[in-house]
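*Asks:* I'll drop the sequence and a predicted model, then ask my questions.
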Amino acid sequence: MGALWGHILRDQLHVDETQFWACARDGARPDRGMPKPPAQALPAELVHLLVHRAGVDEREIAQMTLEQAMERVNRYWAEGG
């Protein structure tokens, strides 16, 4: 590995050679420290609807399962939302 290539990997891409090729060949993105969304994360559109149309507090929504959120939005529409 040349000095320039090593510099690019280390200082610009912040990966080692193994991580680079895993990404280039297999699409395996390197860990950038981003939190992974919970397995049961609510769809953004549903959260937006609950907050902005149904007037549900975000803290309450954060505690909801998908089923509870869907029930709540269905109740909103059934009540003439």
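*Replies:* Alright, I've got the coordinates.
*Asks:* any chance you could map the helices in the protein?
*Replies:* Here the chain has its helices, by DSSP state H, at 3-7, 17-26, 44-52, 58-62, 66-78.
*Asks:* Tabulate those helices (JSON lines), appending mean neighbour count.
*Replies:* The way it works is simple: take the backbone N, C-alpha and C, and place the C-beta from them, glycine included. Listed next are the helices of the chain as JSON lines, based on neighbours: other C-beta atoms under 10 Å:
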{"stretch": "helix 3-7", "mean neighbour count": "10"}
{"stretch": "helix 17-26", "mean neighbour count": "12"}
{"stretch": "helix 44-52", "mean neighbour count": "14"}
{"stretch": "helix 58-62", "mean neighbour count": "11"}
{"stretch": "helix 66-78", "mean neighbour count": "13"}
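*Asks:* Tabulate these (TSV), appending distance to Gly33.
*Replies:* Listed next are these as TSV, based on distance: least, C-beta to C-beta, whole Å:
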stretch	distance to Gly33
helix 3-7	22
helix 17-26	14
helix 44-52	22
helix 58-62	22
helix 66-78	27
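*Asks:* Using TSV, lay out those helices together with mean pLDDT.
*Replies:* Shown next, in TSV, are the helices of the chain (pLDDT from 0 to 100):
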stretch	mean pLDDT
helix 3-7	90
helix 17-26	94
helix 44-52	96
helix 58-62	94
helix 66-78	95
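*Asks:* Which one of those helices lies nearest to Pro35?
*Replies:* With C-beta to C-beta as the criterion, Pro35 lies closest to helix 58-62 of those, at 14.1 Å.
*Asks:* The closest one - contacts with which helices or strands?
*Replies:* If you count contacts as 3 or more C-beta pairs under 8 Å, 6 or more residues apart in numbering; DSSP states H and E, helix 58-62 packs onto helix 44-52.
*Asks:* Please state the offset of the helix it packs on from the chain centre?
*Replies:* 15 Å (C-alpha atoms, centre = their mean, to the nearest Å).
*Asks:* got the angle for it vs helix 66-78?
*Replies:* Comparing the axes of helix 44-52 and helix 66-78 via axes from the mean of the first three to the mean of the last three C-alpha atoms, to 10 degrees yields an angle of 50 degrees.
*Asks:* so what's the residue lying closest to Val15 once chain neighbours are set aside up against?
*Replies:* Spatial nearest neighbour of Val15, excluding adjacent residues (C-beta to C-beta, 6 or more residues apart in numbering): Pro30 at 4.9 Å. The neighbourhood of Pro30, defined by C-beta atoms under 8 Å, 6 or more residues apart in numbering, consists of 14-15, 19, 22-23.
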